[in-house]
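[1] Sharing a model that was predicted from the sequence below.
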Amino acid sequence: MLKLHDEAGDDTATLMAGIGRRARAAARPLAIASTEAKNATLNAMADAILANEKNILDANAIDLANGREAGLSAAMMDRLALDAGRIRAIAEGVRAVAALPDPVGTTIAEWDRPNGLHIERVRTPLGVVGVIYESRPNVTADAGALCLKAGNAVILRGGSDSINSSAAIHACLAEGLKTAGLPEAAIQLVPTTDRAAVGEMLKGLSGNLDVIVPRGGRSLVERVQTEARVPVFAHLEGICHLYIDKSADLAMAVKIAVNAKMRRTGICGAAETLLVDRAAAATHLVPVLEALRDAGCEIRADVEVRKLFPDAGAATDTDWSTEYLDAIISVRLVDGVAGAIEHIESFSSHHTEAIVAEDAAAAEKFFNEIDSAILLHNASTQFADGGEFGMGAEIGIATGKMHARGPVGVEQLTSFKYRVRGSGQVRP
């Protein structure tokens, strides 16, 4: 077991207060760091991750053993597990962030006033970001890299289930910061599993924390959204829907349905409910459900669907509002795109919804009338990911409507300020 905190006598409140002060101090030079310095740091981090693959895997083996002993679910174990391929992907994700345009200092808009004032709206870092996450050790690198590129200091509080893996990855990030000469306190990992550390972050660390991003299960996100005294970027659940229209190409519908549900069942972009146009029940329903069944998916369906596909189990009222994070899907027939929209607006968590249709009008209606953060046409819901959006990586998915919505990448980790240039103007 990696020993993270050896400052005997420090209570959690004192520990967290120190972390907050160091983060705020690091945020100032980071906010004005050059693009070249930030990119050099990120590439040094990626190099360190690859060079320390064995250390990371050894640490992850401890977490996996502890997880099995604790009885973690298959979905949680999948989120926790690392291998050589995933470590390479983590390093590649950090390099992808380095390759992104630097948002800091870019002009969002500018205009001239009749009195001669020139006004610019310019991107600036948020300051200090707190990330509270469970199971996914890759979040350590993703969040650290994204915050750094956006000029923010970050405080990372990983879950106890991934503490060893996160510490090993964080050591690589610290090595990259040191190599490139940026403050090591720019990316800090909370070195304790004491749950009181989360409470201190939710209080805002005496004004030193500007925003919190929770990544984890419903109980964690609910606690953060309820108790946080600083703004929160988050989604509570990923109850994602896939609707197959009567105009859908059947082969495409089968391929997308299996991928949306079964590629990785434990991610927030996995489809949890399948809606099929009643007009396509005779042609599309059974082939899609057979493919899902053959891929190992349990199917829970309404009465109409079970008459056509007896292998399905009975869906209960709670199934329509359940995020399974497992190889289970609920299935219902609906009256066209209007019926799909009605069901989605009743049960969705406003995360991600997809339509498979060749009818452009149906797709347009779906896009216009559903109020979810991410909508897809003829593509799997599993593309609900900042990396797949070209953002390099994401710090999370936000379903709120203020500031950031959908994948939270480097641009969403900035705010803005106004710069007004005059030539002696005074207000009458």
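    Structure's in. What do you need? Numbers count the residues shown, from 1 in each chain.
[2] Please identify the buried residues of the helix or strand harbouring Ala96?
    Per DSSP states H and E, Ala96 falls inside helix 84-99. By 16 or more other C-beta atoms under 10 Å, the buried positions in helix 84-99 come out as 87, 89-98. (Each C-beta comes from the backbone N, C-alpha and C, glycine too.)
[3] Arrange those residues in JSON lines, one row each, with pLDDT as further columns.
    Listed next are the buried residues of helix 84-99 as JSON lines, based on pLDDT from 0 to 100:
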{"residue": "Ile87", "pLDDT": "97"}
{"residue": "Ala89", "pLDDT": "93"}
{"residue": "Ile90", "pLDDT": "95"}
{"residue": "Ala91", "pLDDT": "96"}
{"residue": "Glu92", "pLDDT": "94"}
{"residue": "Gly93", "pLDDT": "91"}
{"residue": "Val94", "pLDDT": "95"}
{"residue": "Arg95", "pLDDT": "95"}
{"residue": "Ala96", "pLDDT": "92"}
{"residue": "Val97", "pLDDT": "94"}
{"residue": "Ala98", "pLDDT": "96"}
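[4] show me where pLDDT drops low in the stretch 1-150 of the chain?
    Flagging of the stretch 1-150 of the chain using pLDDT under 70 yields the residue ranges 1-10.
[5] Kindly check the end-to-end length of stretch 46-62 for me.
    23 Å (C-alpha to C-alpha, to the nearest Å).
[6] All the helices of the chain, residue numbers only.
    For the chain, the helices defined by DSSP state H cover 12-31, 35-51, 53-70, 74-80, 84-99, 138-149, 163-180, 196-203, 218-227, 250-262, 286-294, 303-308, 336-347, 360-369.
[7] Give me whichever of the ones you listed is most buried.
    Per residue and on average, the most neighbours among the helices of the chain fall to helix 138-149, with a mean of 29 (mean count of other C-beta atoms under 10 Å).
[8] Now the phi/psi pair for the spatially closest residue to Ala171 that is not a sequence neighbour, please.
    Using C-beta to C-beta, 6 or more residues apart in numbering and skipping the chain neighbours, the partner closest in space to Ala171 is Asn52 (7.2 Å). The phi/psi pair for Asn52 (degrees, to the nearest 10) reads phi -110, psi 30.
[9] Neighbours of Val356, how many?
    Look at Val356: counted by other C-beta atoms under 10 Å, it has 30 neighbours.
[10] coming back round to it: the residue nearest to Ala171: what's it in contact with?
    Asn52 makes contacts with 168, 171-172, as judged by C-beta atoms under 8 Å, 6 or more residues apart in numbering.
[11] can I get these in JSON lines with distance to Tyr324 and pLDDT?
    Listed next are those as JSON lines, based on distance: C-beta to C-beta, whole Å; pLDDT from 0 to 100:
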{"residue": "Ala168", "distance to Tyr324": "31", "pLDDT": "98"}
{"residue": "Ala171", "distance to Tyr324": "35", "pLDDT": "97"}
{"residue": "Cys172", "distance to Tyr324": "34", "pLDDT": "98"}
